[in-house]
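>>> Have a look at this prediction, sequence included:
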Amino acid sequence: MARTSTRLRHAATGIVAWAIALWMFFPILWMFLSGFKSEPDAIATPPHLFFSPTFSSYRDVFAREDYWHFATNSIVISVMATLVALLVSIPAAYAMAFLPGPRTRLTLLWMLSTRMLPSVGVLVPIYLLARATGLLDSRTGLILIYMLTNLPITVWMLYTFFREVPVPILEAGRMDGATRWQEVTQVLMPLALPGIASTGLLSLILCWNETFWSLNLTSSVAAPLTTFIASFSSPEGLFFAKLSAASTLAVAPIMVFGWASQKQLVRGLTFGAVK
Amino acid sequence: MNRTAVHPPLTVHPAGSAAHTRRAHGFVLQSPAIILLLVWSVVPLLMTLWYSVRNYNLVDPTQRGFAGLNNYWYLLTDPDFMTSLKNTAILVGGVLAISVGLGTLLAVLYNEEFAGRGIARILVISPFFVMPTVAALLWKNLMLHPIYGVYSAMMRAVGLTPVDWLSRYPLATLVMIVTWEWLPFATLILLTAIQSLDTEQKEAARMDGAGMVAQFINITLPHLSRAITVVIMIETIFLLTIFAEISVTTAGGPGVASTNLAFLIYSRALLQFDVGGASAGGVIAIVVANVVAAFLLRAVARNLET
């Protein structure tokens, strides 16, 4: 008796949970399907659930815009910004976690507060500075800015992960005569690798999807996929199939990546506060 | 702006003083990050402050010189500005309330056992990976378009007249779109937090006759408080500066009905070329963010201690 009621409850939970999941995912699924429709199929009313798939929209998108140019920019900028951010924040987080001074806590909070400054508040000076230094519409410019905006988050995350590493292990290494450099690269980094990985993952996703600076500071040379997709907003936005194909192309790499690294990511996103 | 006082001074110490070597090492290792962030946060801020008291229009070179507080005065007396402040508050507050509230419920739901749980979870969190411009275009065109959108078709199917959501209810629709992007994030974090909840404790409460609701309020919710702080902090950082969603869907309109502070400054700076006015707006945006940050950081600092 009790067993059937439990089973019933599981079934009911399952139905509700799946309904919500499908509703949340539906726009993405619809975008994916619409990319394989012909334009008339894509705007048919009522919408066509069944249709004969075509690659014509994808062909059009590739013909109109140089997708690989934008995709390469996205990859290069996200990866480089993440690597540089890790390079700068690993030593900083190490020092804060293992050589804390009286003001370490204050420094950490100050770093986080810089992330809360709205980008738009400094849009004008950054735009003018970028123009003056020739960094406008350049990969280097975006890499620099993405690195800087992510720095507080990467330092914070690494700090919380490093604090989970037991100090005696590091001390044992030092007893054996390890230098500071060896301590970090040969003892700490292997131990904290999952934390470093999830920090990198989050940074990659944030860089890939960053829209404010990429829309305002790039036009063609350094434009990543966010700019590519914005060019479809009007008037081509009314060509639903092409828009869907382009959107799918912009989102797919990071989404597949996100699915694959979901578990790692959670650790990072929670700043180690939730285990 | 004397922020250099924040970290210990670098001085030469006699060899053999281990504590001092430690401090020196700590300082050297931290300094690249600190110097970069210091430059990044102070230089543009000072420039913004400077421009905000100048007459500076990129297309009107005759207007130059000191403007005093005129830019601020224009902005603060501009009804658009008050609207944008109100819209910012509605966007941040609305999305936070829905995503945290609903996210908690969804976290409880997806913690239950049911068939295909792993896949359902992945589907729910997927919108988090969609870039803002795509999310906005997707909803604007494929979902909510008054003629071709799927939602309009559904409304027609049940005999209703489709609504042009983005022009009739621009702000509410934006809250919905942005919630779709951030609800998965809240769910993901809170779900992880719930998974670490001690099942024995819940079992004991159940034995004592506590109902589902009592269990939720007395055990689950307190356990989640820290995770909820994390969600609120991270979401606020991003919600205060929502830009792409507005730019792509309504361009702040109709009128200024869906213009938030970020978009107002953007339109002043890059559409009207009014650097002075935009900078004054920037300073105000920074002040607003700092007020919010002060509250949030206090909560975070508490978490840091435990």
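Perfect, I can see it now.
>>> Model confidence score at residue B:3, please.
pLDDT, residue B:3: 40.
>>> ok, now how distant is the closest residue to residue B:40 other than its chain neighbours from residue A:77?
Excluding the flanking residues, the one nearest residue B:40 by C-beta to C-beta, 6 or more residues apart in numbering or on different chains is residue A:148, at 4.5 Å. (Each C-beta comes from the backbone N, C-alpha and C, glycine too.) Distance of residue A:148 to residue A:77, given as C-beta to C-beta, to the nearest Å: 13 Å.
>>> neighbour count winner among these two?
A direct count of neighbours by other C-beta atoms under 10 Å in any protein chain shown for residue A:148 and residue A:77 places residue A:77 higher, at 27 against 20.
>>> What segments of chain B are strands?
Taking DSSP state E, chain B contains no strands at all.
>>> Output the lowest mean pLDDT helix or strand found in it.
helix B:199-207 (a mean of 74; mean pLDDT, DSSP states H and E).
>>> Is there any residue in that one that contacts chain A?
No. Remark: helix B:199-207 sits outside contact range of chain A, by C-beta under 8 Å from any C-beta of the partner chain, the gap being at least 12.9 Å.
>>> what's the offset of that helix from the middle of its chain?
Taking C-alpha atoms, centre = their mean, to the nearest Å, one finds helix B:199-207 lying 36 Å from the centre of the chain it belongs to.
>>> Please apply the same query to stretch B:248-259.
Distance, stretch centre to chain centre, for stretch B:248-259: 19 Å (C-alpha atoms, centre = their mean).
>>> what does stretch B:245-262 give?
With C-alpha atoms, centre = their mean, you get 16 Å for stretch B:245-262.
>>> what helices or strands is the least confident helix or strand of chain B leaning on?
Applying 3 or more C-beta pairs under 8 Å, 6 or more residues apart in numbering or on different chains; DSSP states H and E, we find helix B:199-207 packed against helix B:212-215.
>>> What is the distance between the helix it packs on and the centre of its chain?
31 Å.
>>> That one packs against which elements?
Using 3+ C-beta pairs under 8 Å, 6+ apart, helix B:212-215 sits against helix B:199-207.
>>> Low-confidence regions, the stretch 1-150 of chain A specifically.
Across the stretch 1-150 of chain A, residues meeting the criterion (pLDDT under 70) sit at A:1-3, A:45.
>>> residues of stretch A:159-172 that come out buried?
Within stretch A:159-172, the residues that qualify as buried are A:159-163, A:165, A:170, counting by 16 or more other C-beta atoms under 10 Å in any protein chain shown.
>>> hey, where'd the helices end up in the stretch 1-150 of chain B?
Using DSSP state H, counting those that start in this stretch, the helices found in the stretch 1-150 of chain B span residues B:18-52, B:70-77, B:79-111, B:117-125, B:132-137, B:150-157.
>>> With just CA atoms, put the second one into CSV.
Extracted in CSV, the C-alpha atoms of helix B:70-77 (Å, rounded to 0.1, in the frame of the first residue of the first chain):
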residue,chain,number,x,y,z
ASN,B,70,25.0,71.1,-15.1
ASN,B,71,25.2,67.6,-16.5
TYR,B,72,24.0,66.1,-13.2
TRP,B,73,21.3,68.8,-13.0
TYR,B,74,20.0,68.0,-16.5
LEU,B,75,20.0,64.3,-15.7
LEU,B,76,18.4,64.4,-12.3
THR,B,77,15.6,66.7,-13.5
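>>> what inclination does that helix have with respect to helix B:18-52?
Counting by axes from the mean of the first three to the mean of the last three C-alpha atoms, to 10 degrees, helix B:70-77 points 80 degrees away from the direction of helix B:18-52.
>>> Next, see if stretch A:124-139 gets close to chain B.
Yes. Counting by C-beta under 8 Å from any C-beta, chain B has neighbours in stretch A:124-139: A:124-129.
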